[in-house]
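J.: Here is the input, now give the coordinates:
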Amino acid sequence: ADLPVKARPAPPAAAFSWTGFYVGVHGGGMWADKDWTENCSALVGAPCVGLAAGTPFRTSHQISSGIAGGQIGYNWQVNNFVLGIEGDASGAWGNEACSAIVGPPSFFAISTSSGCSKIDWLATVTGRAGIAFGQALFYCKGGVAFAHDTYVVRCGLTGGLCVPASRVMTTSPSDDRIGWTVGVGIEYAVTPNWSLK
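T.: Numbering: from 1, shown residues only. Now for the predicted structure:
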């Protein structure tokens with residue numbers, strides 16, 4: 001009679017790996033404190049009538065809005081350690097904010113004006129380092145950040161040189177700003193090809 005044969009054990013499941021390229025989308029919110037100075041120059045018209053070039057007008061306010069965008073990156077895993085690089089870009093909308101401009105007290109017209117600014121888009125390029133526990137990745141990241149700002153001076157109230165109210169009193173200069181960014185995060189691979197972070 002044939003003897004029963006014990007079934008061979010199933011091969012062990014392959015360990016999850018974070019190595020590889022990825023792309024994704026993201027959304028969220030943005031909050032910022034804006035402090036800026038407008039100097040009398042060719043960009044500034046009515047507010048600077050009769051004032052010396054370089055006379056400063058200062059303003060500050062807070063802005064907030066939603067953001068949405070995408071990212072692309074690459075991870076390299078050795079044992080439980082994961083290194084990577086990532087770039088992302090986000091558009092922002094509806095975040096223009098205005099506040100009173102503070103200028104020379106003897107110049108009455110500027111007291112009826114508002115300095116306004118908005119952030120059009122944000123982007124970062126960062127390095128990432130983390131420790132993987134299977135499909136969970138705990139990481140920190142840091143690198144360079146970019147933001148595109150737009151500024152304008154508007155009439156705040158009717159009176160003096162501010163006629164009509166909300167009239168734009170300057171051109172709308174923009175500025176590409178560069179700084180740094182740091183952060184921490186958690187990413188979890190729901191499937192071999194999809195993750196949330």
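
J.: Mind listing the strands the helix or strand of the chain with the lowest mean pLDDT pairs with, and their directions?
T.: When each helix and strand of the chain is scored by mean pLDDT, DSSP states H and E, strand 97-100 comes last, with a mean of 84. Strand pairing for strand 97-100, determined by DSSP bridges: strand 113-133 (antiparallel).

J.: helices or strands next to the helix or strand that the strand it pairs with is followed by in the packing?
T.: Using DSSP states H and E, the next helix or strand after strand 113-133 towards the C-terminus is strand 136-155. The contact analysis (3 or more Cβ pairs under 8 Å, 6 or more residues apart in numbering; DSSP states H and E) places strand 136-155 against strand 20-39, strand 81-92, strand 113-133, strand 174-191. (Each C-beta comes from the backbone N, C-alpha and C, glycine too.)

J.: 6 Å instead?
T.: strand 113-133, strand 174-191 (3 or more Cβ pairs under 6 Å, 6 or more residues apart in numbering; DSSP states H and E).

J.: Distance from the chain centre to the last one, please.
T.: Centroid separation between strand 174-191 and its chain, computed with Cα atoms, centre = their mean, to the nearest Å, is 8 Å.

J.: Same check on stretch 143-160?
T.: Computed by Cα atoms, centre = their mean, the chain-centroid distance of stretch 143-160 equals 17 Å.

J.: Please state the mean pLDDT value computed over it.
T.: Averaging pLDDT along stretch 143-160 gives 80.

J.: in that stretch, what counts as buried?
T.: Neighbour-count burial for stretch 143-160, counted by 16 or more other Cβ atoms under 10 Å, picks out Gly143, Ala145, Ala147, His148, Asp149, Tyr151, Val152, Val153, Arg154, Cys155, Gly156, Gly160.

J.: Pull the number of nearby residues for Cys140.
T.: A count of neighbours around Cys140, defined by other Cβ atoms under 10 Å, yields 14.

J.: so what's it closest to, chain neighbours aside?
T.: Val184 (4.9 Å; Cβ to Cβ, 6 or more residues apart in numbering).

J.: What residues are bridge-paired with the residue nearest to Arg177 when sequence neighbours are not counted?
T.: The shortest distance from Arg177 to any non-neighbouring residue, by Cβ to Cβ, 6+ apart, is to Ala147 (4.7 Å). Taking DSSP bridges as the rule, Ala147 bridges to Leu122, Arg177.

J.: Hmm, Ile178 and Ala147 touching each other?
T.: No. With contact defined as Cβ atoms under 6 Å, Ala147 and Ile178 do not form a contacting pair (8.2 Å).
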